[in-house]
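Colleague: Structure of the sequence below:
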Amino acid sequence: MSTPTLTDRHALALHRNRARRRQGGMADFLHRAVFTEVQQRLIEVNRTFTDIAVVSGFPELWAQFLPEARHVADAAFLDLEEGAHDLVLHALALHWADDPVGQLVQCRRALRPDGLFLGAALGGETLAPLRRVLAQAEAEISGGLSPRVAPMGEIRDLGGLVQRAGFALPVADAAPVAASYATALHLMTDLRAMGETNALATRHRKIPPRALFPRAAALYAESCALAGGRVSASFDVIYLTGWAPGPGQPKALRPGSATERLADALGAEERPLPGPKD
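Modeller: Predicted structure coming up:
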């Protein structure tokens, strides 16, 4: 069975290149926030990594953060050598992948035994208010809908991908990044400067009605207003962690193999459950 096509990779490349050429530089605050979070998480791991690979849509940006790492683009087939790394980072690109499990499997294969994978992807409620107001404005103006914001994976679903890819000790958690803008139009301008505008394969190619975005901005101001006349935006960054299987890792016990009762460990009194007629 072929993988469904989510992303128009040619359009995504054009959008990213446009962001790179932006006067004043691309809007990279999300990448910087992710790098800061990654640094903190690696401190907590308390291990030294010497052979790092970073997968991202902006390798040149991440090369500024981690100049000692190998930086590869988030293509369908990653330019990673099997077993060459003790740490692989997948940085803010997984939400554009047609085959996210395939991306994670390739990252696992690039790791040595007991190597660490750490991914960061947009998910959850990221841009959910923007998706809603664009849909409402388009329904009002043209009587139809077209996909304008990429679907975002939920934390439980994304965490399941880590397990499916064969990682040990998988963990998924979220760290929202809050932002504010003068208007929703400024938010959309910033998305353009991030290289994160609509690159969906199923998007409409027609020029949108002139009234669409002003109407969406008005609706957004009603639902996401902040004090002082600004509007809020939240980017839910989902962090995925897993380890390449290794001989020294802890493993879950088989069901029924416990040697102590939970009630004893908790110091609680164990009582039988009531029967159906009790």
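
Colleague: Now for the closest residue in space to F49 that isn't next to it in sequence, how many residues are close by?
Modeller: Distances taken as Cβ to Cβ, 6 or more residues apart in numbering put L87 closest to F49, at 4.0 Å, once the chain neighbours are dropped. C-beta here means a position set from N, CA and C on the backbone, and glycine is covered the same way. The local packing of L87 (other Cβ atoms under 10 Å) involves 24 other residues.

Colleague: Adjust the sequence numbering to begin at 238 for everything that follows.
Modeller: Okay, residue one is now 238; in that scheme the one you just asked about reads as L324.

Colleague: Show me which parts of stretch 415-430 are buried, residue by residue.
Modeller: Residues of stretch 415-430 classed as buried by neighbour count (16 or more other Cβ atoms under 10 Å): 416, 418, 420-421, 424-425, 427-430.

Colleague: how about JSON lines for the residues you listed, with distance to H268 and secondary structure added?
Modeller: Below are the buried residues of stretch 415-430 laid out as JSON lines (distance: Cβ to Cβ, whole Å; DSSP: H, G, I helix; E, B strand; the rest coil):
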{"residue": "A416", "distance to H268": "14", "secondary structure": "strand"}
{"residue": "Y418", "distance to H268": "18", "secondary structure": "strand"}
{"residue": "T420", "distance to H268": "24", "secondary structure": "coil"}
{"residue": "A421", "distance to H268": "22", "secondary structure": "helix"}
{"residue": "L424", "distance to H268": "17", "secondary structure": "helix"}
{"residue": "M425", "distance to H268": "19", "secondary structure": "helix"}
{"residue": "D427", "distance to H268": "13", "secondary structure": "helix"}
{"residue": "L428", "distance to H268": "14", "secondary structure": "helix"}
{"residue": "R429", "distance to H268": "16", "secondary structure": "helix"}
{"residue": "A430", "distance to H268": "12", "secondary structure": "helix"}
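
Colleague: Tabulate those residues (a markdown table), appending distance to E391 and pLDDT.
Modeller: Listed next are these as a markdown table, based on distance: Cβ to Cβ, whole Å; pLDDT from 0 to 100:
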| residue | distance to E391 | pLDDT |
| --- | --- | --- |
| A416 | 21 | 95 |
| Y418 | 25 | 96 |
| T420 | 29 | 96 |
| A421 | 24 | 96 |
| L424 | 22 | 96 |
| M425 | 24 | 95 |
| D427 | 24 | 95 |
| L428 | 21 | 95 |
| R429 | 26 | 95 |
| A430 | 27 | 96 |
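
Colleague: Is it correct that the residue nearest to F286 falls within a strand?
Modeller: Yes: secondary structure of L324 (DSSP: H, G, I helix; E, B strand; the rest coil): part of a strand.

Colleague: Now do the contacts for it.
Modeller: For L324, the contact set (Cβ atoms under 8 Å, 6 or more residues apart in numbering) comprises 279, 286, 288-290, 348, 352-355.

Colleague: out of those residues, which one sits closest to R368?
Modeller: Using Cβ to Cβ, L355 comes nearest to R368 of the contacts of L324, at 27.6 Å.

Colleague: shouldn't the closest one be in contact with Q277?
Modeller: No: assessed by Cβ atoms under 8 Å, L355 is found out of contact with Q277, at 11.3 Å.

Colleague: Who are the contact partners of the closest residue to S417 other than its chain neighbours?
Modeller: Using Cβ to Cβ, 6+ apart and skipping the chain neighbours, the partner closest in space to S417 is R467 (4.7 Å). R467 is in contact with 417-419, counting by Cβ under 8 Å, 6+ apart.
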